[in-house]
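> Prediction below, plus the sequence it came from.
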Amino acid sequence: AQSVAQPEDQVNVAEGNPLTVKCTYSVSGNPYLFWYVQYPNRGLQFLLKYITGDNLVKGSYGFEAEFNKSQTSFHLKKPSALVSDSALYFCAVRGLSNDYKLSFGAGTTVTVRA
Amino acid sequence: GAVVSQHPSWVICKSGTSVKIECRSLDFQATTMFWYRQFPKQSLMLMATSNEGSKATYEQGVEKDKFLINHASLTLSTLTVTSAHPEDSSFYICSAIRQENSNQPQHFGDGTRLSIL
């Protein structure tokens, strides 16, 4: 079975400060890891993924994430947050099965104050 | 690229009505599409996996006679909520995977807000 934990329901930061959204995962074998962002009444937008290779992955809108195998973590980071980054963020994992199913975390609401 | 269109974006209808939601991959072929349900401020709950040319695979607890899924072509999957009732009110989201490219992420539609009166 595969699962994802996002330990923080909410993250609040001031604009210009670093933003970190935490994610840990559990999966058999090597994981496929993804971060998505959701704005109100919208679907999910893909931010970045880790499949293999460099542990630091760069994605859209200045976001990056670091894969840490020993800690089974894939935290999302942005060096300088913007008010427009306020949204709901989901971490997701997929194992090596051929069904392509994702397991999502509960989501973390990010609020960036001006 | 990788655009998924979902229609309609908002539906309000009377109890007992059947509602069809369409999910289209606009610029790629998708052998596999997924249907999710999302309650307010909660995560996505996978309802079913839709495979082109075959029957959908439903997750445990999802009524297949209630939520009919048809994947008639490589670019279109439909979800029909039959005889909808107020408890079926929710946000429904579809996603699609590019054909034969397992490293790619799922690409999501913008969702359909279904309100049953």
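Noted; the coordinates are in hand.
> quick one, strands of the chain?
Just going to use chain A. Using DSSP state E, the strands of chain A run over A:3-5, A:10-14, A:19-21, A:24-26, A:32-38, A:44-50, A:56-58, A:64-68, A:73-78, A:87-94, A:103-104, A:108-113.
> switch to chain B, that's the one I care about
Listed in chain order, the strands of chain B (DSSP E) span B:4-7, B:10-13, B:19-25, B:32-38, B:44-51, B:57-58, B:67-73, B:76-81, B:90-97, B:107-108, B:112-116.
> Among those, which comes closest to A:Leu82?
Nearest to A:Leu82, of all these, is strand B:107-108, at 22.2 Å by Cβ to Cβ. Backbone N, C-alpha and C define where each C-beta goes, glycine included.
> hang on, the earlier thing: can you tell which of the strands of chain B is closest to chain A?
Shortest distance between chain A and those, using Cβ to the nearest Cβ, is found for strand B:107-108: 3.8 Å.
> same for the closest one, what does it pack against?
strand A:44-50, strand B:90-97 (3 or more Cβ pairs under 8 Å, 6 or more residues apart in numbering or on different chains; DSSP states H and E).
> cutoff 6 Å now
Strand B:107-108 sits against strand B:90-97, with contacts defined as 3 or more Cβ pairs under 6 Å, 6 or more residues apart in numbering or on different chains; DSSP states H and E.
> Which residues of chain A lie near chain B?
Residues of chain A found near chain B (Cβ under 6 Å from any Cβ of the partner chain) are A:34, A:42-44, A:46, A:49, A:51, A:100, A:104, A:106-107.
> Highest neighbour count among those residues?
The most crowded member of the residues of chain A next to chain B is A:Leu44, carrying 29 neighbours; neighbours defined as other Cβ atoms under 10 Å in any protein chain shown.
> That one: what's it in contact with?
With contacts defined as Cβ atoms under 6 Å, 6 or more residues apart in numbering or on different chains, A:Leu44 is in contact with A:36, A:38, B:108.
> Identify each buried residue in stretch A:76-94, please.
Of the residues in stretch A:76-94, A:76-78, A:81, A:85-94 count as buried by neighbour count, 16 or more other Cβ atoms under 10 Å in any protein chain shown.
> I'd like the average pLDDT over that stretch.
Taken as a whole, stretch A:76-94 has an average pLDDT of 96.
> Residues contacting that stretch, please?
Stretch A:76-94 is contacted from outside by A:2, A:4, A:6, A:13, A:15-21, A:23, A:25, A:27, A:31-39, A:62-65, A:102-105, A:107-112, A:114, using Cβ under 6 Å, 6+ apart.
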